[in-house]
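Chemist: Sequence and predicted model, in that order:
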Number of protein chains: 2
Amino acid sequence: MKILGIDPGLDRTGWAVLEQSGPGAAAQVLESGLIHTPKDLALEKRLSAIYDALALVIDANRPQAAAIEEVFFSKRADTQANTTHARGVILLACEKKSLSICAYNPREIKKTVSGNGGADKAQMQKIVQLILGLKEIPQPDDVADAMAAALCHLRLAPMRLAFEKARGINRHIEAKARVK
Amino acid sequence: MKILGIDPGLDRTGWAVLEQSGPGAAAQVLESGLIHTPKDLALEKRLSAIYDALALVIDANRPQAAAIEEVFFSKRADTQANTTHARGVILLACEKKSLSICAYNPREIKKTVSGNGGADKAQMQKIVQLILGLKEIPQPDDVADAMAAALCHLRLAPMRLAFEKARGINRHIEAKARVK
């Protein structure tokens, strides 16, 4: 199973594709990277660049699912707005490429991966390095966060899917927008 | 000149295409409508539906520019996040269709169109009706707000363009996202 982990941001979106041969097997990093957009571009051009770059990543790696960090709500209002705009086009890119999408909040990711919902960035980078057997600390932290989101998904997805099945949630309901 | 006015929202995105034959001429509504997405759909499916619906609106009407309301920051945090996600894909749809895009904050729109930055929804609906010579009050208020955004753009765009030219701002700088 291939999972695309994403840490959304307008300046920097971290991404990582992890592969796991089966439940409980060690996950491996297939590819990871950072989508950076310059601050002097108009917002719509930055969003378009993120959308296009992520579409290329998905086409090149063909993951089945995406694990995307939720926006952390205590950041500055303008940063939060930037991140949420970016997250909109990131969700769209994943949806247009038919990935199943799971959102996880940052605390949930930290707790699931490290056992500590309040772990700091350096701790998360070190733990992600150890779990994935990387030779070096994953850099920058946006990329480590994307790896952590994918790891979180690999641990929680089986339970989440069972839960949703039990509740009868149909995630494949078709979108119908009315234009009137 | 054809302008697409947009009032972004996840539940309801109002849109209106206004045409003005020349500077100072009366603007006319060519078409307007509401993009509605049901609450029981996953966020990514709602965003995809908004993106597709707006692309259809742009293809059908071929506006040159889009005037898009900024997100009002005193709303509830979850509503604000929903609106900002939607606004991300709305900006992307306009950018992918090569529209020039101007953002206006709600207060700026109200002040420019009605003379009162604190005008309420009912006042704005009535004023938009009068300015555009509509037989009926534009309904719902999301559509009236989209018309107001387009009207605001028709009044401010000539000044804004002159200002940007004077400052040497190049709005056509190409987006370059680095994937590394």
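Modeler: Perfect, thanks for sending it. Residues are numbered from 1 along each chain as shown, chains lettered A, B, ... in the order given.
Chemist: so how far is stretch A:9-27 from its chain's centroid?
Modeler: 8 Å (C-alpha atoms, centre = their mean, to the nearest Å).
Chemist: buried ones in it?
Modeler: Buried residues in stretch A:9-27, counted by 16 or more other C-beta atoms under 10 Å in any protein chain shown: A:9-20, A:27. For the C-beta atoms, the positions are set from N, CA and C on the backbone; glycine is no exception.
Chemist: for the lengthiest helix in chain A, which positions count as buried?
Modeler: With secondary structure taken from DSSP state H, chain A has its longest helix at helix A:141-167. The neighbour-count check on helix A:141-167 (16+ other C-beta under 10 Å) flags A:141-154, A:156-157 as buried.
Chemist: again with stretch A:117-129
Modeler: Result for stretch A:117-129 [16+ other C-beta under 10 Å]: buried residues A:119, A:124-125, A:127-129.
Chemist: Return the subset of these lying in helices.
Modeler: Using DSSP H, the buried residues of stretch A:117-129 in helices are A:124-125, A:127-129.
Chemist: so which pair among the residues you listed is furthest apart in space?
Modeler: For those, the maximum inter-member distance is 9.5 Å, found between A:Met124 and A:Gln129 (C-beta to C-beta).
Chemist: what's in contact with stretch A:98-105?
Modeler: A:4, A:58, A:63-70, A:72, A:91, A:94-95, A:112, A:149, A:152-153, A:156-157, A:160, A:171, B:42-44 (C-beta atoms under 8 Å, 6 or more residues apart in numbering or on different chains).
Chemist: Report the buried members of the residues you listed.
Modeler: A:4, A:58, A:63, A:65-70, A:91, A:94-95, A:112, A:149, A:152-153, A:156-157, B:42-44.
Chemist: closest to B:Arg87 among the buried residues of stretch A:117-129?
Modeler: Nearest member of the buried residues of stretch A:117-129 to B:Arg87, counting by C-beta to C-beta, is A:Met124, at 29.9 Å.
Chemist: Please see if stretch A:7-16 touches chain B.
Modeler: No - if you take C-beta under 8 Å from any C-beta of the partner chain as the test, stretch A:7-16 misses chain B, and the best it gets is 8.5 Å.
Chemist: got the end-to-end distance for that stretch?
Modeler: Using C-alpha to C-alpha, to the nearest Å, one end of stretch A:7-16 lies 9 Å from the other.
Chemist: Run the chain-centre distance for it.
Modeler: Per C-alpha atoms, centre = their mean, the centroid offset for stretch A:7-16 relative to its chain is 8 Å.
Chemist: What is the longest helix of chain A packed up against?
Modeler: Applying 3 or more C-beta pairs under 8 Å, 6 or more residues apart in numbering or on different chains; DSSP states H and E, we find helix A:141-167 packed against strand A:2-7, strand A:12-20, strand A:27-36, strand A:65-69, strand A:100-104, helix A:106-114, helix A:121-132.
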